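**Q** Here is the input, now give the coordinates:
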Amino acid sequence: MPTSPPTQHPHGLRRTVLAGIAAGVLASLLAAPTAAAPPVPAGPPVPRLHWAACGDGLECTTARVPLDYDRPSGATITLALIRLPASGPGRRIGSIFLNPGGPGESGVDAVRQGGRSLFSAQVRARFDLVGLDPRGVGASTPLRCFDTLDQALGVLPPFPFPVTAAEERLWVEADRTFARACARRGGPILDHMATADVARDLDLLRQAVGDRQLTYVGLSYGAYLGATYANLFPAKVRALVLDGVPDPIAWATGRGDQAATQPLFNRVGSAEGASATLGEFFRLCDQGGPACAFSQGDPRRRYQALARRLLANPAQTPDGPVGYADLVYATLRALQDPAAWPELAQRLQQLDSLTNPSAAATRLGTSQPDYPNLLEGLPSVACSDSDNPDQVASWKQAADAADRTAPYFGRYWTWSSSICQPWPGHDPDRYTGPWTAQTVNPVLVIGNRFDPATPYQGAVSLARLLPRSRLLTLNGWGHTSEGKSSCIDAHTARYLLTTRTPQPGTVCQPDIVPFAHPSAQTAGSPTKPARS
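**A** Down below sits the predicted model:
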């Protein structure tokens, strides 16, 4: 889906009248008929926000923005917003806009559920915290492809990702059924959900809250949104915190001819990031000894043997069968937060005992994953943003190759984007680069060395692309740095308050090392130079 990057409204050119022009010539020029200058296109109107109390000290409102920014005076959609007012309004700097990721996650829910714990007291005193449900998501004008959530969930195959050829056929047919439903019911918004449109929404909302420049925190996909904003509106950047960012070139187009054969998440390297993080789980579990329930023997070999057993025969548990794909999916979810690693070790130990004939069987408690968002959220944005192969066969080939280089997770991450092959939406205003704009203020890019979803290299790549950016590294584990390091939090707070970035090469340590003795934890440890 190659398109040209959108252009911004032109600025008027200054004209200089030379003092030496003869009076007669000037008079004749003024007398001569001239063609009227073409009108400068009007920009979209800035929404008027009418905030109202919506419980627990929060305020809510909606904003009307253009459906299509090529037609700024045409049809509009509604965006849902929530804000937690600054606790010290007399010293207020402005608003911090927050996007928690996805794509498809609710910024309104993120602020309502955890807004008071997201930032330090100093930051909370001086900023309103604003959460937005992006277009097509949550309480904003939604993309809905079904009448009910039950109908949407009924399309999904009964497994997290396909392993066998028969499962691949079911998966592909489910993708096609889903895409047909969206083509029938999606409506006009289906073609206007690319990240560039959300960035334009953000710039209107920035003006609506009265901020001259944008202050923003984006996690995971939200970091990609922030990178897009930085390149569309470089003069409007006050402070952007981009935490857990996917490589923007890999996300949008890939490099060279990658897009013809490599699906979206394969280019981003998510499977390799997950595989490296699992290796750290095994290492730390082994070091932890009794502190890790799965440490007896070699955790890596035990996991490998467990996976082989489940691939051959799903385990029968009180809550239903648990197969290979269930094991991988549950592992990947737990890897995103190191605080969940001890529980993961316990579950692996229980499942190993249940499936290993040489061990005493124990009951395995399992829980079904929550439905995280509108089913339409991720593909409507990711497929609008990115180039992908034309043929389903490319996903099959890429999945096989990825599972060889990134065991367990290659197939999961490959098939996660297969809905893009039949996806009916097409946003001509998506942004595909360049990613090298000179922002008026520096951008803070944060990368976690062992991130199972957005690998550290993505943060390194973006920091190299953006001329006025600074890379801050977390030498830890899990998806993004959120809640994992007081050192990262301190640098982020200072940057949001002052726009001053950390020193080049700054590396922070995590507060908690999984399975380590309390005396070995690193909370409050100072930074140190980055490793090469």
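**Q** Could you report the neighbour count for the residue nearest to Tyr412 when sequence neighbours are not counted?
**A** Leaving aside its sequence neighbours, Tyr412 sits nearest to Phe161 (C-beta to C-beta, 6 or more residues apart in numbering; 4.5 Å). Every C-beta, even on glycine, is put in place using the N, C-alpha and C of the backbone. A count of nearby residues for Phe161, using other C-beta atoms under 10 Å, gives 22.
**Q** Now Phe161: phi and psi?
**A** Dihedral angles of Phe161 (phi, psi; degrees, to the nearest 10) stand at phi -160, psi 160.
**Q** That one reaches Trp171, doesn't it?
**A** Yes: judged on C-beta atoms under 8 Å, Phe161 makes contact with Trp171 at a distance of 7.5 Å.
**Q** what residues are shared contacts of those two?
**A** Common neighbours of Phe161 and Trp171, counting by C-beta atoms under 8 Å, 6 or more residues apart in numbering, are Trp415.
**Q** neighbouring contacts of the helix or strand where Leu311 lies?
**A** Element membership of Leu311 [criterion: DSSP states H and E] is helix 299-312. Helix 299-312 is touched from outside by 163, 278-279, 281-282, 285-286, 292, 294, 315, 322-324, 326-328, 348, 351-352, 355-356, 408, with contacts defined as C-beta under 8 Å, 6+ apart.
**Q** Strands of the stretch 101-250 of the chain, residue ranges please.
**A** Ranges of strands within the stretch 101-250 of the chain are 127-133, 214-219, 237-243, based on DSSP state E, counting those that start in this stretch.
**Q** Can I get the ones you listed in JSON lines including mean neighbour count, mean pLDDT and distance to Ala437?
**A** Output for the strands of the stretch 101-250 of the chain, formatted as JSON lines (neighbours: other C-beta atoms under 10 Å; pLDDT from 0 to 100; distance: least, C-beta to C-beta, whole Å):
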{"stretch": "strand 127-133", "mean neighbour count": "26", "mean pLDDT": "97", "distance to Ala437": "22"}
{"stretch": "strand 214-219", "mean neighbour count": "26", "mean pLDDT": "98", "distance to Ala437": "14"}
{"stretch": "strand 237-243", "mean neighbour count": "26", "mean pLDDT": "98", "distance to Ala437": "9"}
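**Q** Serialize those to CSV and add fields for distance to Ala152.
**A** Below are these laid out as CSV (distance: least, C-beta to C-beta, whole Å):
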stretch, distance to Ala152
strand 127-133, 18
strand 214-219, 25
strand 237-243, 30
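**Q** Leu143: which of these is closest?
**A** Nearest to Leu143 among the strands of the stretch 101-250 of the chain is strand 127-133 (11.8 Å), distances taken as C-beta to C-beta.
**Q** Tell me which other helices or strands that closest one touches.
**A** When contacts are defined as 3 or more C-beta pairs under 8 Å, 6 or more residues apart in numbering; DSSP states H and E, strand 127-133 packs onto strand 76-84, strand 94-99, helix 107-114, helix 195-208.
**Q** Mean neighbour count for those - can I get that in JSON lines?
**A** Formatted as JSON lines, the helices and strands packed on strand 127-133 follow (neighbours: other C-beta atoms under 10 Å):
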{"stretch": "strand 76-84", "mean neighbour count": "22"}
{"stretch": "strand 94-99", "mean neighbour count": "25"}
{"stretch": "helix 107-114", "mean neighbour count": "20"}
{"stretch": "helix 195-208", "mean neighbour count": "23"}
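**Q** Using a markdown table, lay out those together with mean pLDDT and distance to Ala271.
**A** A markdown table is the format used below for the helices and strands packed on strand 127-133 (pLDDT from 0 to 100; distance: least, C-beta to C-beta, whole Å):
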| stretch | mean pLDDT | distance to Ala271 |
| --- | --- | --- |
| strand 76-84 | 96 | 34 |
| strand 94-99 | 97 | 24 |
| helix 107-114 | 94 | 27 |
| helix 195-208 | 98 | 22 |
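**Q** neighbours around Ala75, how many?
**A** Counted with other C-beta under 10 Å, residues neighbouring Ala75 total 11.
**Q** May I ask you to confirm that it is in contact with Ile189?
**A** No: contact between Ala75 and Ile189 fails when scored by C-beta under 8 Å: they sit 9.6 Å apart.
**Q** Identify the contacts common to the two.
**A** Listed as contacting both Ala75 and Ile189 by C-beta under 8 Å, 6+ apart are Leu67.
**Q** so where's the stretch 351-500 of the chain uncertain?
**A** Low-confidence segments of the stretch 351-500 of the chain (pLDDT under 70): 357-374.
**Q** need the helices for it, in chain order.
**A** All helices of the stretch 351-500 of the chain, identified by DSSP state H, counting those that start in this stretch, fall at 377-385, 392-405, 410-415, 456-465, 486-498.
**Q** Filter the contacts of helix 299-312 down to the buried ones.
**A** 163, 278, 281-282, 285-286, 292, 294, 315, 322-324, 326-328, 348, 351-352, 355, 408 (16 or more other C-beta atoms under 10 Å).
**Q** Can you check which helix is longest in this protein?
**A** As assigned by DSSP state H, the longest helix anywhere in the chain is helix 165-185.
**Q** Please name the bridge partners of the nearest residue to Leu466 once chain neighbours are set aside.
**A** Distances taken as C-beta to C-beta, 6+ apart put Val443 closest to Leu466, at 5.5 Å, once the chain neighbours are dropped. When bridges are called by DSSP bridges, Val443 pairs up with Leu240, Ser469.
**Q** isn't Val443 right next to Val237, touching?
**A** Yes: counting by C-beta under 8 Å, Val443 does reach Val237; the two are 6.7 Å apart.
**Q** shared neighbours, these two?
**A** Residues touching both Val443 and Val237 (C-beta under 8 Å, 6+ apart): Ala230.
**Q** rewinding a little: show me what the longest helix of the chain is packed up against.
**A** helix 149-155.
**Q** got the contact list for the most centrally placed residue in the chain?
**A** Centroid-nearest residue in the chain: Tyr221, 1.3 Å away (criterion: C-alpha atoms, centre = their mean). Neighbour list for Tyr221: Asn99, Gly101, Gly102, Pro103, Glu105, Pro246, Val381, Ala382 [criterion: C-beta under 8 Å, 6+ apart].
**Q** do that again at 10 Å, thanks
**A** Residues counted as contacts of Tyr221 (C-beta atoms under 10 Å, 6 or more residues apart in numbering) are 99-105, 134, 195, 244-246, 251, 377-378, 381-382, 385, 453-454.
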